[in-house]
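**Q** here you go, sequence then predicted model.
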Amino acid sequence: MSTAPYLFFHPRVLRTERLSPTLVRIVLGGDDLAGVVSGGRDQRFKLFLPQRGQTRPVLPEPLGADWYADWRALDPDVRGIMRTYTIRAVRRDPLEIDIDFALHGDLGPASRWAQQVKPGDPVSILAPAGEDNGGVDFQPPAGTDWVLLTADETALPAVASILEWLPAGMPVKVWIEVAHPDDRIPLTTDADADITWLVREHPGADRTAALLAAVRDAGDLPSGTPYAWIAGEAASARALRRHLVNDRGIDRKAIKFTGYWRHGVTEDDLLAAAVAQAEAEAGAEAEAEAGAKSEATADADA
């Protein structure tokens, strides 16, 4: 996992702002942020948090091109906790970055940190140093006539940024599922956006059914060439994609779906699984290459 075109930055928390019962905004600041450049929309970056009892996240030194392997080699109980978030906003005067967190009690280290953080607390981030950085998934192609967005509260910051980015008059159909009625925060856009909010009945409510049912029951969608962006719980994102492809006839190439989280699985688990898969694929490729060389040698000797 290379850093380019990303760089490490080490800002401090300036302030926090409670946006709703579930959402809190944390503002990072400092001269170190001068090199951060966001591509907007659903721009992602890596946030490194300290473990319990630490004052700052522990990272490998030096932070070189092999930082990810070096980070994984550190004791998991000591190394900085890495999570992926959306850059909600970047400001130059003063130098500040907004990050919006979806809180879910004391169930995870990022949610716990976001509820306890204080001004002056240090963090580290791996953030883009150029607008064309590969960390923006919302990429409607030329010729897109209308946009479809679905999300839960974890993807609400990205939806808010996407709506701000869309051009005036662009037809947009939006479905957002949240945990509390007051999580229906104001969303600013020049697009022609039809926004439907869905509020879960209770904390244990099914995280797949509500969004899927709402989109399925929506009736006719706008005419023309669509572009769909689906984010939130992984199973919900997959179910919505299947509906759009199989029932709505939307070209699968015109759909970007992303699991921001998976029920019962942490980001650490997902990273470990991805690394194991990459290592298995690399091993299989090496075996195949060795087999091909062996066959070529046998042919030459025949």
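**A** It's in.
**Q** could you use CA atoms for every contact and neighbour count after this?
**A** OK.
**Q** what are the ranges of the strands in this structure?
**A** 6-9, 12-18, 23-29, 44-49, 81-86, 89-92, 95-102, 124-128, 146-152, 171-178, 192-199, 226-233, 255-261 (DSSP state E).
**Q** and these as a markdown table, adding mean pLDDT, mean neighbour count and distance to residue 220?
**A** A markdown table is the format used below for the strands of the chain (pLDDT from 0 to 100; neighbours: other CA atoms under 10 Å; distance: least, CA to CA, whole Å):
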| stretch | mean pLDDT | mean neighbour count | distance to residue 220 |
| --- | --- | --- | --- |
| strand 6-9 | 96 | 20 | 42 |
| strand 12-18 | 98 | 17 | 37 |
| strand 23-29 | 98 | 22 | 32 |
| strand 44-49 | 97 | 22 | 33 |
| strand 81-86 | 96 | 20 | 31 |
| strand 89-92 | 96 | 16 | 34 |
| strand 95-102 | 97 | 21 | 32 |
| strand 124-128 | 97 | 23 | 39 |
| strand 146-152 | 98 | 23 | 13 |
| strand 171-178 | 97 | 21 | 11 |
| strand 192-199 | 98 | 16 | 13 |
| strand 226-233 | 97 | 24 | 13 |
| strand 255-261 | 95 | 19 | 18 |
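**Q** the bottom helix or strand of this protein by mean pLDDT?
**A** In the chain, no helix or strand scores lower on mean pLDDT, DSSP states H and E than helix 267-301, which sits at a mean of 60.
**Q** returning to what we had before: list just the one of the strands of the chain that sits closest to residue 216.
**A** strand 171-178 (11.3 Å; CA to CA).
**Q** start and end of stretch 50-60, how far apart?
**A** Counting by CA to CA, to the nearest Å, you get 13 Å between the two ends of stretch 50-60.
**Q** buried ones in that stretch?
**A** Buried residues in stretch 50-60, counted by 16 or more other CA atoms under 10 Å: 50-51, 56-60.
**Q** domain parsing for the chain?
**A** 6-128, 146-261, 266-292 (automatic domain parsing).
**Q** dump the residue contacts of residue 97.
**A** Residues in contact with residue 97, defined by CA atoms under 8 Å, 6 or more residues apart in numbering, are 27-29, 87-91.
**Q** and of these, the nearest to residue 223?
**A** Using CA to CA, these come closest to residue 223 at residue 88, 30.7 Å.
**Q** how many neighbours does the closest residue to residue 224 other than its chain neighbours have?
**A** Spatially, and ignoring its direct neighbours in sequence, residue 224 is nearest to residue 145 (5.4 Å; CA to CA, 6 or more residues apart in numbering). Look at residue 145: counted by other CA atoms under 10 Å, it has 16 neighbours.
**Q** ok, residue 145 to residue 9 distance?
**A** From residue 145 to residue 9 the distance is 38 Å (CA to CA).
**Q** and the strands of the chain as TSV, adding distance to residue 209?
**A** Listed next are these as TSV, based on distance: least, CA to CA, whole Å:
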stretch	distance to residue 209
strand 6-9	37
strand 12-18	28
strand 23-29	22
strand 44-49	27
strand 81-86	25
strand 89-92	31
strand 95-102	20
strand 124-128	34
strand 146-152	12
strand 171-178	11
strand 192-199	11
strand 226-233	11
strand 255-261	16
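**Q** for residue 248, which of those strands is the nearest?
**A** Once the strands of the chain are compared by CA to CA, strand 226-233 is nearest, at 10.8 Å.
**Q** parallel or antiparallel, list what pairs with that closest one.
**A** strand 146-152 (parallel), strand 255-261 (parallel) (DSSP bridges).
**Q** list the contacts of residue 226.
**A** If you count contacts by CA under 8 Å, 6+ apart, then residue 226 has 144-148, 250, 254 around it.
**Q** swap in 7 Å and give it another go.
**A** 144-147, 254 (CA atoms under 7 Å, 6 or more residues apart in numbering).
**Q** closest to residue 206 out of these?
**A** Closest to residue 206, out of all of those and judged by CA to CA, is residue 147, at 25.6 Å.
**Q** I figured that closest one was touching residue 175, is that so?
**A** No - if you go by CA atoms under 7 Å, residue 147 and residue 175 don't touch, sitting 11.6 Å apart.
**Q** from the chain's centre, how far out does stretch 188-195 sit?
**A** 22 Å (CA atoms, centre = their mean, to the nearest Å).
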